[in-house]
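Student: predicted structure and sequence below. I'll ask about it afterward.
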Amino acid sequence: MLCLILTLPACTNAPQLSSEGVDVGTTQPSPSAEEAATDTTQPSPSAEEAATDTTQPSPSAEEAATDTTQSAPSAEEASTELEGSYRLQSVFRGDQECLDANYNAPNTSHSGAYMAPCDGSDYQTWQLTAIEPGHYQISTLHDGEMLCLDGNDLSSVVHDGIAFAEPCRLIAGQVWTFTEVDGFIRLHTELREHSACLESNSAAADALHSGASFMDDCQDVSGQLWSLVRLDAPPN
């Protein structure tokens, strides 16, 4: 028998199959480092981009309601914040005594302002009137005449230096400022500035300065601590 042996050329186009029968001839190669670098996936924002992101949520109604930003009061508002009618009482004499104008009163040995039992009279009702921011005149009404509290100076021969009420004038002894101390106030005049404070006294003939109130060097004493007891509604 004659046998023919044929030699077939190798087939270079035939796909190679894996053992699972999956075509492995067309498997895509892994991307190169350069291809990976040009991947179009969006990068995370840089620190600079994040810092300039202006997107901010709107404040909630509760946040808006609790905004504590307040504008500073104007000079006009600051100048009138204490205006009104008051009784003046001191820690030394308690809340049963009030500063009394005692204008030419016959029942004392002087005509100076002094502490007397509170009676609601005009002589004990004091009006604070602003003349410039933080500066006030303290006045009371006597028989239709407006009188102002004058702090005076103990070295003065006028009323022996004690505090007294007289017709209102725009003078340094009648211009008052206030300093808050532990919930109370000290009263100063432009005449002595903050070096002296109005001091209450015991209204007795044998007391210092015959019981009148007076200006003394500011110090830690209860006679220089005052309360302003408002008698009218504060201004809006």
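Tutor: On my side now, so go ahead. Numbering: from 1, shown residues only.

Student: which SS state does Asn102 fall under?
Tutor: With DSSP: H, G, I helix; E, B strand; the rest coil as the basis, Asn102 sits in coil.

Student: identify the residues contacting it.
Tutor: Contact analysis of Asn102 by CB atoms under 8 Å, 6 or more residues apart in numbering lists Thr108, His110, Ser111, Gly112, Ala113, Tyr114, Ala116, Tyr123, Phe164, Ala165, Ala212. Placement of C-beta: from N, CA and C, glycine included.

Student: likewise Thr177?
Tutor: Gly134, His135, Tyr136, Leu187, His188, Thr189, Glu190, His194.

Student: filter those to the buried ones?
Tutor: Buried by 16 or more other CB atoms under 10 Å: Tyr136, Leu187, His188, Thr189, out of the contacts of Thr177.

Student: quickly list what Glu132 is bridged to.
Tutor: Assessed by DSSP bridges, Glu132 has beta-bridge partners His135.

Student: state the pLDDT value of it.
Tutor: Listed pLDDT for Glu132 reads 91.

Student: what's the burial count for it?
Tutor: Number of residues near Glu132 (other CB atoms under 10 Å) recorded here: 10.

Student: from Leu147, how far out is it?
Tutor: Using CB to CB, to the nearest Å, Glu132 is found at 21 Å from Leu147.

Student: cool, and Tyr136?
Tutor: Relative to Leu147, Tyr136 is positioned 15 Å away (CB to CB).

Student: so which of the contacts of Asn102 sit within strands?
Tutor: In strands, judged by DSSP state E, the following of those are found: Tyr114, Ala116, Phe164, Ala165.

Student: any idea which element the residue nearest to Pro167 when sequence neighbours are not counted lies in?
Tutor: Counting by CB to CB, 6 or more residues apart in numbering, the nearest residue to Pro167 once its immediate chain neighbours are dropped is Leu147, at 6.2 Å. Secondary structure from DSSP states H and E places Leu147 in strand 145-150.

Student: for that strand, packing partners?
Tutor: In terms of contacts (3 or more CB pairs under 8 Å, 6 or more residues apart in numbering; DSSP states H and E), strand 145-150 is packed against strand 135-142, strand 164-167.

Student: which parts of that strand are buried?
Tutor: Leu147, Cys148, Leu149, Asp150.

Student: quick one, what contacts the residue lying closest to Asp100 once chain neighbours are set aside?
Tutor: Spatial nearest neighbour of Asp100, chain neighbours left out: Ala116 (4.1 Å); criterion: CB to CB, 6+ apart. Ala116 sits next to Glu97, Cys98, Asp100, Asn102, Gln124, Ala203 when contact means CB under 8 Å, 6+ apart.

Student: what does Gln137 give?
Tutor: Gln137 makes contacts with Leu128, Thr129, Ile131, Cys148, Leu149, Cys168, Gln174, Val175, Trp176, as judged by CB under 8 Å, 6+ apart.
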